[in-house]
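K.L.:
Would you be able to build a 3D model of this:
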Amino acid sequence: MVTDIRKKCIPVIVFVTLTTVFTSVQSENVLLKVIGGGGFPGSTGNIVPIYLRNEKPMNGCDFDLVFDTDEIVIRDVMLTHSSRIHALEWSIVDNGVRVAVRSKIFPGSGILANVVFDVNDSSLLDTYPLILSNVVVYPTTLSMSKENGVFSVRNAILAAEWIVSLPGSSERRMSLELMNNISVLGCEFELHFDTDVLTVTDVRSTSVSQWDYEWESAVSGIRVRKIGGAHYLSPISQPIAQIVFQVIEETPYNDYDINIENLALRDSTSGPIASASIDGILTISPAILWVESGRVFIDTSEVNISVELENDVSLIVFVLDLFFNTENLIVKDVLRTERTKDCIISSWSSVERGIRIAFVDCGGPVERRNTSSTLGYIEPGLGSICAIQLDIVEDAPLGEYEFVFSRVELGDPWINIIPVSSENGILKLLVRGDVNIDGKVNVQDVWLTVEIIIGHHQPNSDELLLADCNKDELVNVLDVVCLIHRILSD
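P.N.:
Model prediction:
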């Protein structure tokens, strides 16, 4: 959602560089982990996430991922919404793929990159090791550990995702996604996790599966079973369940494995399906930073993009670099919000491919400030910390514009660097009437609008918005007339 924040920043000249200020008391530890993946014979675009957690700033890393190149084939190595880097290089080697990251990586955790595999049509149903080799982190003085993974070739794969939460969260949802080449009718599995810090409060269906589940507590977790109805899932990749976790208030900051065990899937004849599972991770973090994704029409002259923060600890300062398409999106200003309106120093400046934002000495009046510091602070909470005011150039192409965090530094009142989990955002640039989002308004959009009106097509939120040609918040025959008029006028 695009946030409209109209409070102006106080112009400042001073720019603060934080890396010379912080002295961390945390251990020098880096974890590089292959979460694992899978696919069925002949499947393409199967993702294997590479997870990184670092408690000290890094200057990059190198690693080889070794696998059976006769059975699975590398297609790509991609950045993700939580990569915390803006570029990487990769190349095929004799026994796998070599990846090189030459980018500053600030403390935090998340998926560093996704390695994308295709499975050969003739691949046997088996489990293939994914081995990290020749791993080097920079600076080399950092201690490092690694965990290998596996790629499972099966007829069905059930995968849990990586999610992040603050301590005390009462409802944190983790999706389970099913990838299958055989129709699935029955499903049973167990989830194992640290029950001292995590509690499951519900297991919910999704709009795709529409399955009902019964679940009960089990040793080290829960046992889940699909119940009722004869509805089966056709071959496709789809989320089939959401696990709702509650995190206790005093949970230590760490990674907690969510393991899928004793998975049993059955086909439409109730026969067993050769299946495998991919475990998930729930990261408990002191801070989560993200760009609030939104959508805007091409005729909009100005848009505000909100940077959101959820923090469990008090903060006095943040510095971040945010990369985006500066050719089509021009920064006019960075605006304060309610959480940062009392920051004594705030500044922003253009950098290559984006902007750098620095807010220092943030918080309320002097009497509310932490007694151990002369500085104010952003108190624990959830909400926007700044809004980036953008102009869209006149001929900007339609489509998605990504906002990527590169440098992120958060500091607490004791001058410690706070590890942060970050998620990038997307701004969709749309034109009203382009219902099928192909960049043109033509008879195909008229046809799709009619299909929506008569109930033959179930629209998603973007299609519903774009079909409202006359902006009356309804989709009816008047929008068809509006569309035809626009096509004839153009």
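K.L.:
got the buried residues for stretch 306-314?
P.N.:
306, 307, 308, 309, 310, 311, 312, 313, 314 (16 or more other C-beta atoms under 10 Å). In this view, the C-beta of every residue, glycine as well, is placed from N, C-alpha and C.
K.L.:
For the second one, give its distance to residue 197.
P.N.:
Residue 307 is 29 Å from residue 197, where distance means C-beta to C-beta, to the nearest Å.
K.L.:
Show me which of the buried residues of stretch 306-314 is closest to residue 399.
P.N.:
Each of those was scored against residue 399 by C-beta to C-beta, and residue 306 proved nearest at 20.7 Å.
K.L.:
That closest one reaches residue 292, doesn't it?
P.N.:
Yes: the criterion here is C-beta atoms under 8 Å, and residue 306 meets it with residue 292 at 4.3 Å.
K.L.:
Nearest to residue 202 among the buried residues of stretch 306-314?
P.N.:
Of all the buried residues of stretch 306-314, residue 310 has the smallest distance to residue 202: 21.5 Å, by C-beta to C-beta.
K.L.:
Shouldn't that closest one be within a helix?
P.N.:
No: counting by DSSP: H, G, I helix; E, B strand; the rest coil, one finds residue 310 to be strand, located in no helix.
K.L.:
mind listing what it touches?
P.N.:
166, 287, 288, 381, 382 (C-beta atoms under 8 Å, 6 or more residues apart in numbering).
K.L.:
Likewise for residue 183?
P.N.:
Counted by C-beta under 8 Å, 6+ apart, residue 183 has contacts 232, 233, 234, 235, 267, 268.
K.L.:
Show me the domain layout of this protein.
P.N.:
28-153, 155-273, 287-430, 443-489 (automatic domain parsing).
K.L.:
Just send the ones you listed back as CSV, with distance to residue 279 and mean pLDDT too.
P.N.:
Shown next, in CSV, are the domains of the chain (distance: least, C-beta to C-beta, whole Å; pLDDT from 0 to 100):
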stretch, distance to residue 279, mean pLDDT
domain 28-153, 7, 90
domain 155-273, 5, 90
domain 287-430, 18, 82
domain 443-489, 30, 84
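K.L.:
Take the ones you listed and lay them out in CSV including distance to residue 436.
P.N.:
Listed next are the domains of the chain as CSV, based on distance: least, C-beta to C-beta, whole Å:
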stretch, distance to residue 436
domain 28-153, 23
domain 155-273, 21
domain 287-430, 11
domain 443-489, 5
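K.L.:
Residue 281: which of these is closest?
P.N.:
Nearest to residue 281, of the domains of the chain and by C-beta to C-beta, is domain 155-273 at 4.7 Å.
K.L.:
helices and strands around the longest helix along the chain, which ones?
P.N.:
Assignment by DSSP state H gives helix 477-489 as the longest helix of the chain. Helix 477-489 is packed against helix 443-453, with contacts defined by 3 or more C-beta pairs under 8 Å, 6 or more residues apart in numbering; DSSP states H and E.
K.L.:
what about residue 199, which helix or strand?
P.N.:
With elements taken from DSSP states H and E, the one containing residue 199 is strand 198-204.
K.L.:
Tell me the buried residues in that strand?
P.N.:
198, 200, 203.
K.L.:
neighbouring contacts of that strand?
P.N.:
Against strand 198-204 from outside (C-beta under 8 Å, 6+ apart): 170-171, 173, 191, 213, 215, 221-222, 224, 241-248, 251, 256, 282.
K.L.:
can you do 7 Å?
P.N.:
The contact list for strand 198-204 (C-beta atoms under 7 Å, 6 or more residues apart in numbering) reads 213, 215, 222, 224, 241-247, 256, 282.
K.L.:
What sits closest to the most centrally placed residue in the chain if chain neighbours are left out?
P.N.:
Nearest to the geometric centre of the chain sits residue 81, at 4.4 Å (C-alpha atoms, centre = their mean). Leaving aside its chain neighbours, residue 81 sits nearest to residue 424 (4.6 Å; criterion: C-beta to C-beta, 6 or more residues apart in numbering).
K.L.:
The one you found and residue 456: what is the separation?
P.N.:
Counting by C-beta to C-beta - residue 424 and residue 456 are separated by 36 Å.
K.L.:
More neighbours: the two, which one.
P.N.:
residue 424 (22 against 9; other C-beta atoms under 10 Å).
K.L.:
ok, the more buried one - contacts?
P.N.:
Applying C-beta under 7 Å, 6+ apart, the residues contacting residue 424 are 81, 291, 402, 403, 404, 405.
K.L.:
Same list (those residues) but as CSV, adding secondary structure and distance to residue 116.
P.N.:
Formatted as CSV, the contacts of residue 424 follow (DSSP: H, G, I helix; E, B strand; the rest coil; distance: C-beta to C-beta, whole Å):
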residue, secondary structure, distance to residue 116
81, coil, 15
291, strand, 24
402, strand, 18
403, strand, 23
404, strand, 19
405, strand, 22
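K.L.:
Just the buried ones from those residues, in ChimeraX syntax?
P.N.:
Applying 16+ other C-beta under 10 Å to those, the buried members can be selected in ChimeraX as follows:
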select :81,291,403,404,405
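K.L.:
how about the contacts of residue 424 in a markdown table, adding distance to residue 44?
P.N.:
Output for those, formatted as a markdown table (distance: C-beta to C-beta, whole Å):
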| residue | distance to residue 44 |
| --- | --- |
| 81 | 21 |
| 291 | 30 |
| 402 | 23 |
| 403 | 29 |
| 404 | 26 |
| 405 | 29 |
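K.L.:
of all the contacts of residue 424, which comes closest to residue 446?
P.N.:
Here the nearest of those to residue 446, counting by C-beta to C-beta, is residue 402; it sits at 31.0 Å.
K.L.:
Okay then, goodbye and thanks.
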